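Student: using only what follows, build the 3D model:
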Amino acid sequence: MRRRLLIVDDDKQMVRTLVDVMRLHGWEADGTHSGETAVDAVRERDYAVVLMDVRMTGINGLEAFKAMKAVRPGVRVILMTAYTASEILAEAEREGALRILSKPVALEGLIEVLMQATAESRRVLVVDDDAAFLQTLRKVLEQNGYATFTAPTLDEALE
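Tutor: Model prediction:
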């Protein structure tokens, strides 16, 4: 199975290089050059990971990430930046960015981070005897990209 990756940066050469490298490593990689087009791409396709620059013309990477989450709540985003804007980076972490990488990005490290991001388990077992609460929590988790399993009792959960 090929994993889909979206690379977003307003530096066109950076996008072209990363797309080529990732394809050589077995990824199905698409590239785009703005936050706006990245949001459209995420709306049209389900990507395993989005690798995106923070500072871009138009909407920045953080704003694009928020818009992507509105379209696909479980979207997995790794941000890249050459700048230290602690306020923006802290907000990105609060929003759920998987990682924030410094630019220039070391290719070996990037490939390892991408492999970890796609290998992480996103499964949750929810146990509660309140059926309505169980259903509500399951729905919220699934909207955020988690595969959920439910059980009304501890005995059933252990099975």
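
Student: now the strands for the chain?
Tutor: With strands called from DSSP state E, the chain shows them at 3-8, 27-32, 49-53, 77-81, 99-102, 123-127, 147-151.

Student: want to throw those into TSV with mean pLDDT?
Tutor: Shown next, in TSV, are the strands of the chain (pLDDT from 0 to 100):
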stretch	mean pLDDT
strand 3-8	93
strand 27-32	95
strand 49-53	95
strand 77-81	91
strand 99-102	84
strand 123-127	83
strand 147-151	82
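
Student: include distance to Leu137 and mean neighbour count when you put those into a markdown table, please.
Tutor: For the C-beta atoms, the positions are set from N, CA and C on the backbone; glycine is no exception. As requested, the strands of the chain are arranged in a markdown table below (distance: least, CB to CB, whole Å; neighbours: other CB atoms under 10 Å):
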| stretch | distance to Leu137 | mean neighbour count |
| --- | --- | --- |
| strand 3-8 | 29 | 23 |
| strand 27-32 | 33 | 20 |
| strand 49-53 | 26 | 26 |
| strand 77-81 | 24 | 23 |
| strand 99-102 | 27 | 16 |
| strand 123-127 | 5 | 13 |
| strand 147-151 | 8 | 14 |
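
Student: reformat those strands as CSV; add distance to Asp20.
Tutor: What follows is the strands of the chain, written out as CSV (distance: least, CB to CB, whole Å):
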stretch, distance to Asp20
strand 3-8, 10
strand 27-32, 8
strand 49-53, 14
strand 77-81, 17
strand 99-102, 19
strand 123-127, 33
strand 147-151, 33
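
Student: among these, which comes closest to Leu114?
Tutor: For Leu114, the closest of those is strand 49-53, at 5.8 Å, according to CB to CB.

Student: out of everything not next to it in sequence, what's closest to Leu107?
Tutor: Excluding the flanking residues, the one nearest Leu107 by CB to CB, 6 or more residues apart in numbering is Val21, at 6.1 Å.

Student: from Arg4, how far out is that neighbour?
Tutor: Distance, Val21 to Arg4, using CB to CB, to the nearest Å: 15 Å.

Student: helices and strands around the helix or strand of the chain with the lowest mean pLDDT, which ones?
Tutor: Least confident element among the helices and strands of the chain, by mean pLDDT, DSSP states H and E: helix 86-95 (a mean of 78). Contact here means 3 or more CB pairs under 8 Å, 6 or more residues apart in numbering; DSSP states H and E; on that basis helix 86-95 packs against helix 61-71, strand 77-81, strand 99-102.

Student: could you dump those into CSV and include distance to Thr37?
Tutor: Formatted as CSV, those follow (distance: least, CB to CB, whole Å):
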stretch, distance to Thr37
helix 61-71, 9
strand 77-81, 15
strand 99-102, 21
